[in-house]
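Student: requesting a structural model of the entry that follows:
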Amino acid sequence: MTDVGDPVLRVVSRAAFALVMLLTALLLWRGHNAPGGGFIAGLMTACALILHRVANGRCALNFPPLVLVPWGLALSFTTGLVPYLLGRAYLKSDYGYVSTPLTGEFEWATALLFDVGVYLIVAGSALHIAYQLIDVNPRERVEDDR
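Tutor: Below is the predicted model of the structure:
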């Protein structure tokens, strides 16, 4: 994809990208206690990066998105395996509270690590599929079918 889209789309996509990524972080952070989490955050990240790719004609990532999938699988699997190896239920989540001068007291949970793993799997898979579809040249596809 070498041609660059509309300049208005490029400007709007910058603001939309920042807003969507902020919302993604919020959904990922609160997902272990409320609706949201890694799946929807991964899809939203993929949408933001796809918009960036369409508006700017290039990928925002410096690596193939499929690289995220094994890291996500490893993180999610490890998050479940560690409690099991300690004699507890698989995927048993621990939680606690941390107090900082800047943010005050907030809760942490190991379920967030599982959500981050799901986030990486979904974002990497969705981006890989979308980038494959974006990079298809219709003329080449017709010639390949012959």
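Student: name the next helix or strand downstream of whichever strand or helix holds residue 18, please.
Tutor: Element membership of residue 18, judged by DSSP states H and E, is helix 7-30. Heading C-terminal from helix 7-30, the first helix or strand you meet, by DSSP H and E, is helix 38-56.
Student: could you list the residues in contact with that following helix?
Tutor: For helix 38-56, contacts defined as C-beta atoms under 8 Å, 6 or more residues apart in numbering pick out 1, 4-6, 9-10, 12-13, 16-17, 20-21, 23-25, 27-28, 31, 59-61, 65, 114-123, 126-127, 130-131, 134. C-beta here means a position set from N, CA and C on the backbone, and glycine is covered the same way.
Student: starting at the chain centroid, how far to it?
Tutor: Computed by C-alpha atoms, centre = their mean, to the nearest Å, the separation of helix 38-56 from the middle of its chain amounts to 8 Å.
Student: with stretch 82-97 instead?
Tutor: Using C-alpha atoms, centre = their mean, the offset of stretch 82-97 from its chain centre is 24 Å.
Student: repeat that for stretch 122-140.
Tutor: Going by C-alpha atoms, centre = their mean, where stretch 122-140 is centred and where its chain is centred differ by 16 Å.
Student: outside of stretch 102-119, which residues touch it?
Tutor: In contact with stretch 102-119 (C-beta under 8 Å, 6+ apart) are residues 28-29, 31-33, 37-39, 41-42, 45, 71-80, 91, 93-100.
Student: could you redo the last one with a cut-off of 7 Å?
Tutor: 28, 31-32, 37-39, 41-42, 72-73, 75-76, 79-80, 91, 93-99 (C-beta atoms under 7 Å, 6 or more residues apart in numbering).
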